[in-house]
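In: got a structure for you, letters missing:
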């Protein structure tokens with residue numbers, strides 16, 4: 001997995017506009033089903049020029065780990081601190097799809 005697409009074409013202006021568009025999609029009401037069976041989470045950490053993502057799926061009732069994925073990739077340089085969520089999207093999408 002590579003972040004090369006972000007390196008060559010990352011635009012702070014476009015990223016800012018994307019964040020503004022996405023902010024309008026925030027849901028402020030409870031839309032969860034009555035019974036929740038699974039919960040999941042995904043995050044990315046950066047160590048030097050390495051990006052490590054992890055995704056987990058847990059059984060909601062007893063929080064038993066059902067699935068874990070941990071891919072890693074060379075991260076773009078330089079990092080844009082306020083847009084780290086956008087930069088980590090390709091790797092996080094990869095981990096969710098695998």
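Out: Received, thanks. Please read these numbers as outputs of a predicted model, since none were measured by experiment. Numbers count the residues shown, from 1 in each chain.

In: contacts, neighbours, all on C-alpha from now
Out: Fine.

In: beta partners for residue 57?
Out: residue 40, residue 67 (DSSP bridges).

In: list the contacts of it.
Out: Residues counted as contacts of residue 57 (Cα atoms under 8 Å, 6 or more residues apart in numbering) are 38, 39, 40, 41, 65, 66, 67, 68.

In: per-residue pLDDT, it?
Out: What the model reports for residue 57 is a pLDDT of 94.

In: cool, residue 31 as well?
Out: 92.

In: and what of residue 6?
Out: We note a pLDDT of 45 for residue 6 in this prediction.

In: just for the chain, where's the confidence low?
Out: By pLDDT under 70, the low-scoring segments of the chain are 1-10, 72-91.

In: break down this protein into its helices, ranges please.
Out: Taking DSSP state H, the helices of the chain run over residues 4-9, 12-23, 84-97.

In: just to revisit the earlier point, what's the closest of the contacts of residue 57 to residue 19?
Out: residue 41 (20.3 Å; Cα to Cα).

In: can you report how many residues neighbour that closest one?
Out: Neighbour count for residue 41, taken as other Cα atoms under 10 Å: 11.
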